[in-house]
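Visitor: Pasted the sequence and its predicted model underneath.
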Amino acid sequence: MKKISLSFLVVSISLFFLMSFAMPETASKLKGSISSMKIIYSYSVTKSFSARTEETIRITSVPSGQEETKDLQVRMDAKLEDTPLNIKAVVKESLNKPEVFNYTSTFMGPEKGFSQRNYYLTKNYDKGRYTVIRRNKVTGAEKVYAGTYYEPSVQDPMVNWSRDEK
């Protein structure tokens, strides 16, 4: 049985290299594909939440008695630290999907007594550690990878708020 599996592995690798020279555009598509890696390896991903982090962006500042209209597009993506390229796609599959918000909003200046109103957007992320166990289906050998992830929070991924200044 192992001889057949080893033969299959050798044939697969040979075909990959043959395609690299004969059809480089096809090989480059396969190279980055997570599904092509799952032919040889199986993956197990474990996540552990540790903290909620935030990133605040100032959208605009409107003087007293004025208004401003803006079209906004805000995107939140998962971020990875200390992650080798060969498992990045595997880890991202297990994280929350990107959040994209498109909207038009009118921002009003503050009431009398204040000089301006600052508008902010806070992006909330869940931070944690991940562990990936990659197992070779042919040899049974395992390799463990670990790193840090940030994913858009499930609860209140984005919060709009404002503050008036005198």
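Guide: Great, that's in hand.
Visitor: ok now stretch 142-155, how far from the chain's centre?
Guide: 9 Å (Cα atoms, centre = their mean, to the nearest Å).
Visitor: can you check stretch 46-54 too?
Guide: 14 Å.
Visitor: Likewise for stretch 67-74?
Guide: Distance, centroid of stretch 67-74 to centroid of chain: 25 Å (Cα atoms, centre = their mean).
Visitor: Mind listing residues that contact it?
Guide: 57, 59-60, 62, 100-109, 121, 123, 158 (Cβ atoms under 8 Å, 6 or more residues apart in numbering). Quick note: C-beta positions are derived from backbone N, CA and C, even for glycine.
Visitor: What ranges does this protein have for its strands?
Guide: Secondary structure of the chain (DSSP state E): strands located at 41-63, 67-76, 79-81, 99-108, 116-136, 142-152, 158-165.
Visitor: Turn those strands into CSV, columns for mean pLDDT and mean neighbour count.
Guide: Output for those, formatted as CSV (pLDDT from 0 to 100; neighbours: other Cβ atoms under 10 Å):
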stretch, mean pLDDT, mean neighbour count
strand 41-63, 94, 13
strand 67-76, 92, 12
strand 79-81, 92, 14
strand 99-108, 89, 12
strand 116-136, 95, 17
strand 142-152, 95, 17
strand 158-165, 94, 13
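Visitor: Now render these as CSV, adding distance to residue 7.
Guide: Formatted as CSV, the strands of the chain follow (distance: least, Cβ to Cβ, whole Å):
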stretch, distance to residue 7
strand 41-63, 18
strand 67-76, 46
strand 79-81, 36
strand 99-108, 46
strand 116-136, 16
strand 142-152, 23
strand 158-165, 53
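Visitor: right, so of the ones you listed, which gets closest to residue 8?
Guide: Residue 8 lies closest to strand 116-136 among these, at 12.7 Å (Cβ to Cβ).
Visitor: Brilliant, that's me finished.
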